[in-house]
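Trainee: coordinates only, sequence not included:
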């Protein structure tokens, strides 16, 4: 089968919809890796990509910086290597890695080779990785040697050993386990290889990211290059990014925000992208000051602390994008909450992994979300529609050029659910504003924990999981509010009679069960009993108050 035949199979959106999106100006002909080629031609010596200065403290390798010409050349060498080792066009490659130059090169190099990349959340362990790679019939996986105390290369290797279809486990970093081949060493040892001759279209599937509906299995969301570029256009235009803009991002390229609101806008604008691994406000503000960052996307809970720290350090002002993953206080709702990211200049409302809405601020609070067709800039009249937002009885629903609404082919993948109007229900609750049904505000998930990576976790599931620890008789999960880190998970444990339940015992149990990090509590408390409401439900609010006084 030729590359062209493979490419046809990788186009999921119907031709009539592709034509409509192209006619509107939302879609075009350039691929994500093609944007690098364009920037390398027009601005070859401009800085494209740079690592955090403390990279070696939390992952393998030393900090690197690449111009657009260097980035393009390294991507080309990587793409050629993928072709030489026999990864055919359309093959799926898993990627679980740190927020580094090497990761971006591997991602874009795979796209240039015509591969489909599935970025795996760094919180996933063997069981989740194995399931994802099996669903997508992946042929290879790429993983970092370490991310702080995590060892993605170990997890990917162990998962891949149980899958017959995996041909290669490739690693980023120097301290790789047996059975994992260093991608950097392979590229060096290969020497001169034939140039990559694959030519993909912008309508071809580029990635499969993952949504985790409440109470359901992870769902792969295939997106084409054009769908990523439509997502990138919204943030690029709202943030006024341009060649030479200096972006500092702590979001790893593993989902909608990291790819759609960071990587795609960076490539579209020809800006500088400085990568960061968040460990403290002090570190990220020092990094921002050192590089003269003029645009910084952050989780909403960090924005005000970041702005105050910049001011203390006499650093230049930066435009801050607040990323909201669990509702936000909205102008006109009459009930503005604390921690509403007053220093942000742009707000992103994240509808899980399905879509995001970006809008500039005109007050100290996020603006309401307009229902209907959304263009960028948000105040524009003739701009292309990038998103359509509706509010159903249970949650917001979305459609449009950035939204994946066609599921992964094959019977192993769960389909993408559609509502009666053909839109994708996102699960994010909302309500219209009093007196204006054309505007809505997102509401926090009721009784569920939301994670920026796209997972909605049922606390009752966590109760059952923690209760399975042999030393534990009864357990309850609850939220810990933190003004800097945002909401985290706490666990209250009642020990079995005659046993000694401890935090270490629970963590050891979760390690033995290979439970992913997003389900592990940040704090564990031993309590005599679990407080309950009159109807018998766990009183999680009381736990938050009584245990955190």
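Mentor: In hand now; what should we look at? From a predicted model like this one, the values you see are computed outputs, not experimental measurements. Numbers count the residues shown, from 1 in each chain.
Trainee: show me where pLDDT drops low in the stretch 251-400 of the chain?
Mentor: Applying pLDDT under 70 to the stretch 251-400 of the chain flags residues 329-340, 377-382.
Trainee: hey, where'd the helices end up in it?
Mentor: Taking DSSP state H, counting those that start in this stretch as the criterion, the stretch 251-400 of the chain carries its helices at 264-269, 281-291, 300-312.
Trainee: highest mean neighbour count out of those?
Mentor: Using mean count of other CB atoms under 10 Å, the stretch among the helices of the stretch 251-400 of the chain with the greatest mean number of neighbours is helix 264-269 (a mean of 25). For glycine as for every other residue, the C-beta is placed from the backbone atoms N, C-alpha and C.
Trainee: tell me the helices and strands packed up against it.
Mentor: Packed against helix 264-269 by the contact rule (3 or more CB pairs under 8 Å, 6 or more residues apart in numbering; DSSP states H and E) you find helix 32-42, helix 225-238.
Trainee: winner for burial among the ones you listed?
Mentor: Across the helices and strands packed on helix 264-269, averaging neighbours per residue (mean count of other CB under 10 Å) puts helix 225-238 on top, at a mean of 26.
Trainee: how close does residue 288 sit to residue 103?
Mentor: Counting by CB to CB, to the nearest Å, the separation of residue 288 from residue 103 is 21 Å.
Trainee: residues contacting residue 429?
Mentor: For residue 429, the contacting residues are 327, 394, 395, 396, 442, 443, 444, 445, 446, by CB atoms under 8 Å, 6 or more residues apart in numbering.
Trainee: picking up where we left off before, in CSV: the helices and strands packed on helix 264-269, plus mean pLDDT and distance to residue 402.
Mentor: Formatted as CSV, the entries for these read as follows, by pLDDT from 0 to 100; distance: least, CB to CB, whole Å:
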stretch, mean pLDDT, distance to residue 402
helix 32-42, 97, 13
helix 225-238, 96, 4
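Trainee: I'd like those helices laid out as CSV, including distance to residue 250.
Mentor: Output for those, formatted as CSV (distance: least, CB to CB, whole Å):
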stretch, distance to residue 250
helix 32-42, 21
helix 225-238, 15
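Trainee: so which of these gets nearest residue 184?
Mentor: Each of the helices and strands packed on helix 264-269 has some distance to residue 184 by CB to CB; the shortest is helix 32-42, at 19.0 Å.
Trainee: returning to that earlier point: would you mind giving the helices of the stretch 251-400 of the chain as JSON lines with distance to residue 348 added?
Mentor: Supplementary listing: those in JSON lines, determined by distance: least, CB to CB, whole Å:
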{"stretch": "helix 264-269", "distance to residue 348": "11"}
{"stretch": "helix 281-291", "distance to residue 348": "18"}
{"stretch": "helix 300-312", "distance to residue 348": "9"}
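Trainee: what sits against residue 12?
Mentor: Contacts of residue 12 were listed using CB under 8 Å, 6+ apart, and they are 205, 222, 224, 406, 409.
Trainee: which residues touch the helix or strand harbouring residue 437?
Mentor: Taking DSSP states H and E as the criterion, residue 437 maps to strand 436-442. Outside of strand 436-442, the residues within contact range by CB under 8 Å, 6+ apart are 324, 327-328, 330, 332-333, 349, 368-372, 389, 391, 396, 428-433.
Trainee: cool, and stretch 183-202?
Mentor: Residues external to stretch 183-202 that are found in contact with it (CB under 8 Å, 6+ apart): 3, 7, 10-11, 27-31, 34, 76-85, 89, 102, 106, 111-114, 142, 170-172, 224-226, 229.
Trainee: how about residue 442: what's its closest non-neighbour residue?
Mentor: residue 327 (4.2 Å; CB to CB, 6 or more residues apart in numbering).
Trainee: err, residue 523, not the other one
Mentor: Leaving aside its chain neighbours, residue 523 sits nearest to residue 490 (4.8 Å; criterion: CB to CB, 6+ apart).
Trainee: show residues contacting the host helix or strand of the one you found.
Mentor: In the assignment (DSSP H and E), residue 490 maps to strand 488-495. Counting by CB under 8 Å, 6+ apart, the neighbours of strand 488-495 from elsewhere in the structure are 449, 462, 466, 469, 471-480, 482, 501, 506, 519-530, 543-544, 547-548.
Trainee: now, these that are in helices?
Mentor: With DSSP state H as the criterion, helices contain 462, 466, 506, 543, 544, 547 from among the contacts of strand 488-495.
Trainee: derive a PyMOL selection command for the buried subset of the contacts of strand 436-442.
Mentor: Buried residues within these, by 16 or more other CB atoms under 10 Å, are selected in PyMOL with:
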select buried, resi 324+327+328+330+332+333+349+368+369+371+389+391+396+428+429+430+433
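Trainee: in strands, which of the contacts of strand 436-442 appear?
Mentor: When the contacts of strand 436-442 are checked against strands (DSSP state E), the matches are 324, 349, 369, 370, 372, 389, 391, 396, 430, 431, 432, 433.
Trainee: tell me which two in these are the farthest apart.
Mentor: Spatially, the most separated pair among the ones in strands among the contacts of strand 436-442 is 324 and 372, at 20.1 Å (CB to CB).
Trainee: run through the stretch 1-150 of the chain and note the low-pLDDT ranges.
Mentor: Across the stretch 1-150 of the chain, the ranges flagged by pLDDT under 70 are 1-9.
Trainee: before we move on, the earlier item: in the strand holding residue 490, what counts as buried?
Mentor: Within strand 488-495, the residues that count as buried by 16+ other CB under 10 Å are 489, 490, 491, 492, 493, 494, 495.
Trainee: gap between the fifth one and residue 502?
Mentor: Counting by CB to CB, the gap from residue 493 to residue 502 is 9 Å.
Trainee: any shared contact partners between the two?
Mentor: Jointly contacting residue 493 and residue 502 under the rule CB under 8 Å, 6+ apart are 524, 526.
Trainee: what's the longest helix in the protein?
Mentor: Looking across the chain with DSSP H, the single longest helix is helix 68-84.
Trainee: I figured residue 175 hits residue 60, correct?
Mentor: Yes: contact criterion CB atoms under 8 Å: residue 175 and residue 60 qualify, at 5.6 Å.
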